[in-house]
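K.L.:
Sequence and computational prediction follow.
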Amino acid sequence: MGIEFNPRIGKWFDFKLFHNGRPGIVAWTLISYSFAVQQYYKFGYVTNSMVLVNILHALYVLDFFYNEDWYLRTIDICHDHFGFYLAWGDSVWLPFMYTLQGAYLAQNPVDLPPYIFAAILALGLSGYAIFRGVNHQKDLVRRTDGKCIIWGKPPTMIRPKYTTSDGKEHTSILLTSGYWGLARHCNYFGDLLISASMCLSCGVEHLTPYFYLAFMTILLVGRIYRDDARCRGKYGKYWEQYCEVVKYKLIPFVW
């Protein structure tokens, strides 16, 4: 997990920001595209499943760069130190493992029926809409200090107080309406729907493309428990109150 929080070279180069937001993310789309080219040279055409995988990968990456300021407020940047976990994970693991669908399809072409193609694309776009909508609601409420409208109504929230190590008291916001009133991590639910659509694009003949979904499930569920422990220590009784209002962790009305 590393020792230093934000190691830098001078004021202009931040190791954590660079590794998290540049080599692996950029390589993700380039490698996926290269698999489409490989498939074309090997079989003489590019399958609609390969096109779908590249669309879904590119959508995720383009959203990352368009909303990069949002990423600066995630657990990776705000709480994790910079070590092997982030350096190797973002620069090696991410581009190698997140492109498994393209690697599989380059060797095993899958032609999806049009209605299956449309259904998987709809699933991926729905997941993206949830993922983006959840994060937008939180950013909007914090940016306006709650003076906004969420799903046609003023937002409801808990305003916890906490004290930092320098002895100063602060106030934060725990949103309890909109997506955040359904589950504490609806954004992760949307993320998993996107992941599932990427894997389903490869058909159901082999487990290899589904490693990504399994990994993302483990990663995000682990983050849910990490976030719960951090918030419980930070907000104390306010977090207990929040959990009583928003009972579900990930999937509304399920868990």
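P.N.:
Yes, it's here.
K.L.:
Helices of the protein, start to end?
P.N.:
Counting by DSSP state H, the chain has these helices, from start to end: 15-21, 23-43, 48-66, 68-71, 75-78, 84-88, 94-97, 100-107, 114-144, 186-200, 211-235, 237-245.
K.L.:
among those, which is nearest Leu175?
P.N.:
Proximity to Leu175, assessed across the helices of the chain by Cβ to Cβ, is greatest for helix 114-144 (5.3 Å). C-beta here means a position set from N, CA and C on the backbone, and glycine is covered the same way.
K.L.:
elements contacting that closest one?
P.N.:
helix 48-66, strand 174-175, helix 186-200 (3 or more Cβ pairs under 8 Å, 6 or more residues apart in numbering; DSSP states H and E).
K.L.:
Would you mind giving the ones you listed as TSV with mean neighbour count added?
P.N.:
Below are these laid out as TSV (neighbours: other Cβ atoms under 10 Å):
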stretch	mean neighbour count
helix 48-66	19
strand 174-175	22
helix 186-200	23
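K.L.:
Let me know which of those is the nearest to Thr163.
P.N.:
Closest to Thr163 of those, according to Cβ to Cβ: strand 174-175, at 16.6 Å.
K.L.:
Can you give the distance from the closest one to the centre of its chain?
P.N.:
What separates the centre of strand 174-175 from the centre of its chain is 19 Å, taken as Cα atoms, centre = their mean, to the nearest Å.
K.L.:
Please renumber the chain so that the first residue is 334 from this point on.
P.N.:
Taking 334 as the first residue, the last one we looked at is strand 507-508.
K.L.:
Next one, pLDDT for Asp409 please.
P.N.:
The predicted local confidence for Asp409 comes out at a pLDDT of 73.
K.L.:
just to revisit the earlier point, so which of the helices of the chain is nearest Pro487?
P.N.:
Scanning the helices of the chain with Cβ to Cβ as the criterion, the closest one proves to be helix 447-477, at 10.0 Å.
K.L.:
Quick check: mean pLDDT of the closest one?
P.N.:
Helix 447-477 shows a mean pLDDT of 96.
K.L.:
Can you list the buried residues in it?
P.N.:
Of the residues in helix 447-477, those scored as buried under the neighbour-count criterion (16 or more other Cβ atoms under 10 Å) are 449-450, 453-454, 456-458, 460-461, 463-465, 467-471, 473-474.
K.L.:
centre of the chain versus that helix, how much separation?
P.N.:
Centre to centre, stretch against its chain (Cα atoms, centre = their mean), the figure for helix 447-477 is 11 Å.
K.L.:
Tell me what angle that helix forms with helix 519-533.
P.N.:
Helix 447-477 runs at 160 degrees relative to helix 519-533, counting by axes from the mean of the first three to the mean of the last three Cα atoms, to 10 degrees.
K.L.:
Which segments of this structure make up each domain?
P.N.:
Per the record's domain assignment (automatic domain parsing), the chain is made up of the domains 334-444, 446-588.
K.L.:
distance between the shortest one and the chain's centre?
P.N.:
Taking the mean of its C-alpha atoms, domain 334-444 sits 12 Å from the chain's own mean (Cα atoms, centre = their mean).
K.L.:
gap between the two ends of it?
P.N.:
Across its full length, domain 334-444 reaches 42 Å end to end, with Cα to Cα, to the nearest Å as the criterion.
K.L.:
what do you get for the last one?
P.N.:
Terminal residues of domain 446-588 lie 33 Å apart, using Cα to Cα.
K.L.:
Now for Lys494: which residues touch it?
P.N.:
Contacts for Lys494 were tallied using Cβ atoms under 8 Å, 6 or more residues apart in numbering; they are 502-504, 571.
K.L.:
Buried members of the residues you listed into ChimeraX, please.
P.N.:
Those of these that meet the burial criterion (16+ other Cβ under 10 Å) are gathered into one ChimeraX selection, given here:
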select :571
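K.L.:
Tabulate the contacts of Lys494 in TSV, adding columns for distance to Met430.
P.N.:
As requested, those are exported to TSV (distance: Cβ to Cβ, whole Å):
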residue	distance to Met430
Glu502	43
His503	38
Thr504	40
Tyr571	37
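K.L.:
That'll do, ta.
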